[in-house]
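A.B. asks: compute the structure for the input listed below.
(one chain, ligands or ions: 1)
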Amino acid sequence: MNIIVPAKLNEAKDKMILLDQTLLPTETRYIEIDKLEDTWDAIKKLRVRGAPAIGVAAGFGIYLGVKDSKANTYDDFYEEFMEAKKYLASSRPTAVNLFWALNRMEDRLVKEKEKSLDEIKKSLLEESEDILREDQEMCKKISEYGLSLLKPNMGLLTHCNAGGIATSGYGTALGPMYLGHEKSYGFKVFSDETRPLNQGSRLTAWELNEVGIDVTVICDDMASIVMKQGKIDAVLVGCDRVAANGDVANKIGTSGVAILAKEYNIPFYVLGPTSTIDMETATGDDINIELRDSKEIYNGFGKITAPPEVKFYNPAFDVTDHKYITAIITEKGIVKPPYDENLRKIFQ
Ligand SMILES: CSC[C@H]1O[C@H](OP(=O)(O)O)[C@H](O)[C@@H]1O
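C.D. replies: Predicted coordinates for the structure are as follows:
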C-alpha cells in the first residue's frame, strides 16, 4: 500500500515536511517548517491533525525547536526544552497524543541527562523518529484486529477522518478498510461529511477514493437513514482521548452516531493506539473539549451561511459514553467491556 505520511522529517533532518490538510481535497501541497511557532500554528489550524499525527508532529516539532539551542549546560537546555513543551502543549487541548508525545520526549531528555548536549539532541531526534515508526507499527496491528471483526461486502460508516493522514500513514478507523481492500473485501464505506470542517468529505472520501475504495459521502444528518435502510453493518471511528472507563472523546457528532448505532443494533467500534488511551483521566467528564472559532461554522469555506452577529457554539469534539461502544480496537488487541477493568489490563 502506497501510504501518505502526513508529518515527517526531510533527508537532512532539519525540517518537518507536512501535508497541509486544510487544502485537501482540491490541492495536495507539502509545506516545510522548522520553527516551533510554525509547528504550533500547523497543529492549531489543522494543517496537521488527527491524534496520532499531532503526536508525531509534536515530537518532530520540539526536536526542531531545540536542536539549535545555544545552551551549554543541561539545566539551561532543559529549561529551554520545557518552555518549548509548554508552548506546543497549548496548541490544542483534547487529543492526548500531543501531551503523550511531548512527555515522551521529555522522558528521553531526562534519561540521557548525563550525556553531552550533542548526544542528548541526537537522542531527541531518535525518539521523535521512534514515535513515527512505532505509530506505523501500531496502526498496522490495529488494522489487522479491526479487520478480524468485519466480513466481505459489509457497509461501513465512519465519522471525521481517522485515516492515514490522521496518523503515521496507515490509519486507525480506516486501517481495516485499507487492509480489507487489499484482500478484495469489497467494503462500501459511507463517510459522514463531519461539519463544520468536513474532515469526512474533504479527507476521508479523498483518502479512500485515492486507493479505489467504494465511498459515499453523506451529510451528518443522514447517518440515521442509511442505518435504517440496512446499508450499514458496522461503524468504525477514531479517537482523540479514551478515558480509563472507556468513554471516548472524538470528533463532534461521534456520540450521536454511536447512539444511532445502538438504536439500530449496529456494532460501534472505536479504533486507536494505546497512545490515545489516557488512564489518568477517569471518565469522559474529565476530558477538556476544544472550543474553536465560530467562523468555522458560519464561514468555513468562504460562504456566509448564518448571520455572523448571532451566537455560535463550536465544540470540536464530544464524548461517547462507553455504554455505546461495542469494542475499542488497539494494537494490543480488541478491548471489550467492562472497559474500566479491561483497559487497565492492556497496560499490565
Ligand atoms: C486517528 S485520530 C483522528 C481523530 O482526530 C480528529 O480530530 P481533528 O480532525 O480535529 O484533529 C477526529 O476526532 C478523528 O477521529
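
A.B. asks: show the contacting residues for residue 255.
C.D. replies: Neighbouring residues of residue 255 by CB atoms under 8 Å, 6 or more residues apart in numbering: 318-321, 324. Bear in mind the C-beta positions are built from the backbone N, C-alpha and C, glycine included.

A.B. asks: most neighbours, which of those?
C.D. replies: residue 320 (26 neighbours; other CB atoms under 10 Å).

A.B. asks: surely it is in contact with residue 246?
C.D. replies: No - between residue 320 and residue 246 no contact is recorded; they are 9.2 Å apart, counting by CB atoms under 8 Å.

A.B. asks: still on that earlier bit, want to throw the contacts of residue 255 into TSV with pLDDT?
C.D. replies: Below are the contacts of residue 255 laid out as TSV (pLDDT from 0 to 100):
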residue	pLDDT
318	98
319	98
320	99
321	98
324	99
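
A.B. asks: among those residues, name the ones in helices.
C.D. replies: Mapping the contacts of residue 255 onto helices (DSSP state H) picks out no residues; all lie outside.

A.B. asks: now, which of these sits nearest the ligand?
C.D. replies: residue 318 (9.6 Å; CB to the nearest ligand atom).

A.B. asks: for the closest one, which non-adjacent residue is spatially closest?
C.D. replies: In space, and not counting its chain neighbours, residue 318 is closest to residue 255: 4.6 Å by CB to CB, 6 or more residues apart in numbering.

A.B. asks: these two touch, right, residue 192 and residue 218?
C.D. replies: Yes - using CB under 8 Å, residue 192 is in contact with residue 218, at 6.1 Å.

A.B. asks: who touches residue 226 in this structure?
C.D. replies: Neighbours of residue 226 in contact, by CB under 8 Å, 6+ apart: 155, 157, 190, 218, 232.

A.B. asks: quickly run through the sheet partners of whichever strand or helix holds the third one, with directions.
C.D. replies: If I follow you right, that is residue 190. Applying DSSP states H and E as the criterion places residue 190 in strand 188-192. Paired neighbours of strand 188-192 in the sheet (DSSP bridges): strand 155-158 (parallel), strand 214-218 (parallel).

A.B. asks: hey, which of these is tucked in deepest?
C.D. replies: strand 155-158 (a mean of 25; mean count of other CB atoms under 10 Å).

A.B. asks: do that one and the ligand meet?
C.D. replies: No - judged by CB under 6 Å from any ligand atom, strand 155-158 and the ligand are separated, with a smallest distance of 8.7 Å.

A.B. asks: spell out which parts of the stretch 151-300 of the chain neighbour the ligand.
C.D. replies: So the stretch 151-300 of the chain meets the ligand at 160, 162, 166-167, 172, 199, 237-238, 240, 250-251 (CB under 6 Å from any ligand atom).

A.B. asks: returning to that earlier point: restrict the contacts of residue 255 to those near the ligand?
C.D. replies: Okay, of the contacts of residue 255, nothing touches the ligand (CB under 6 Å from any ligand atom).

A.B. asks: what's the closest of those to residue 228?
C.D. replies: Using CB to CB, residue 324 is the member of the contacts of residue 255 that lies nearest residue 228, at 17.4 Å.

A.B. asks: list the residues that contact the closest one.
C.D. replies: 255, 258-259, 261-262, 268 are the contacts of residue 324 under CB under 8 Å, 6+ apart.

A.B. asks: in helices, which of those appear?
C.D. replies: Those of the contacts of residue 324 lying in helices (DSSP H): 255, 258-259, 261-262.

A.B. asks: export these to CSV and append columns for pLDDT.
C.D. replies: As requested, these are exported to CSV (pLDDT from 0 to 100):
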residue, pLDDT
255, 98
258, 99
259, 98
261, 99
262, 98
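
A.B. asks: which of those residues lies closest to the ligand?
C.D. replies: For these, the nearest to the ligand is residue 255 (11.7 Å; CB to the nearest ligand atom).

A.B. asks: can you check the pLDDT for residue 302?
C.D. replies: You'll see residue 302 listed with a pLDDT of 89.

A.B. asks: can you give me the helices for the stretch 101-250 of the chain?
C.D. replies: For the stretch 101-250 of the chain, the helices defined by DSSP state H, counting those that start in this stretch cover 117-147, 175-182, 199, 205-210, 223-228.
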